[in-house]
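# model this:
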Amino acid sequence: MNKDMVSQEQNQSDKLAEIGAYLKQIREERLLTLDQVAAKTLIQARLLNAIEHGKLHQLPEPVYIRGFIKRYADALGLSGAEVANAFPTGPGLRTIQPSWKDTPAAQLRPIHLYLVYVLLIVAAVSGLSYLMSRSASWVSAETNNVIQAPAPETTAPEASPPASPSPQSATPAAPANLCELQLL
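So this is what the prediction gives:
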């Protein structure tokens, strides 16, 4: 562990004990129990107890401790922000430089990839156009063959002398001009 980190933890622990003792004193002056404050702040009583006794190792990260202190002080009628700001949360956060600023523009937009995409789109459109024109010509050729095919000749049956109607044949005769339909 780094020496600076140890001294910072010690500083946080000392400051937490000081703030916790102050909050405990105010709470007792107002005749409030820890459970009442816990119900009002929605912070577990064990965490409030750890704050009052300066037990840093029983608490979460310093940022959360600062939030707990603020809510605890607000519940007691104090200025929570002022009391919470007295607790050090650690070194300031470093500003992180975005890495995309360091990359050259040529790497962000490679022109060769755009050319490949354009060529693929052109090839796909050409292929579909060819297939559509080929299938359209095939369908038209098939319909021309069907239209040009000679229709089968039908022979009319020879006329027979009219027969006397017999009482047993009640089915009508089929008309003589029926056409046959041939499907391919």
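
# how many other residues sit next to Arg66?
Counted with other CB atoms under 10 Å, residues neighbouring Arg66 total 19. Using the backbone N, CA and C atoms, a C-beta is placed for each residue, glycine as well.

# could you find the closest non-adjacent residue to it?
Ala84 (4.8 Å; CB to CB, 6 or more residues apart in numbering).

# now for the host helix or strand of that neighbour, which elements pack on it?
Element membership of Ala84, judged by DSSP states H and E, is helix 80-85. Helix 80-85 sits against helix 3-29, helix 62-75, with contacts defined as 3 or more CB pairs under 8 Å, 6 or more residues apart in numbering; DSSP states H and E.

# between these, which gets nearest to Lys40?
Of all these, it is helix 62-75 that lies closest to Lys40, at 4.6 Å by CB to CB.

# just the buried positions in that closest one, please.
Using 16 or more other CB atoms under 10 Å as the test for burial, helix 62-75 gives Pro62, Ile65, Arg66, Phe68, Ile69, Lys70, Arg71, Tyr72, Ala73, Asp74, Ala75.

# which residue, other than its chain neighbours, is closest to the fifth one?
Here the nearest residue to Ile69 in space, its sequence neighbours aside, is Ala84; by CB to CB, 6+ apart that works out to 4.5 Å.

# is it true that the one you found touches Pro62?
No. In this structure Ala84 lies outside contact range of Pro62 using CB atoms under 8 Å: 10.8 Å.

# give me the common contacts of the two.
Common contact partners of Ala84 and Pro62 (CB atoms under 8 Å, 6 or more residues apart in numbering): none.

# re the thing from before, of all the helices and strands packed on helix 80-85, which one is nearest Ile43?
That would be helix 62-75 among the helices and strands packed on helix 80-85, by CB to CB, at 5.5 Å.

# pull the contacting residues for the residue nearest to Ile69.
Counting by CB under 8 Å, 6+ apart, Ala84 has contacts Arg66, Gly67, Ile69, Lys70, Ala73.

# which of the buried residues of helix 62-75 sits closest to Tyr130?
Of the buried residues of helix 62-75, the one sitting nearest to Tyr130 (CB to CB) turns out to be Pro62, at 69.5 Å.

# give me the nearest residue to Ala38, chain neighbours excluded.
The shortest distance from Ala38 to any non-neighbouring residue, by CB to CB, 6+ apart, is to Ala45 (4.2 Å).

# quick check, that neighbour in contact with Leu34.
Yes. Counting by CB under 8 Å, Ala45 does reach Leu34; the two are 4.9 Å apart.
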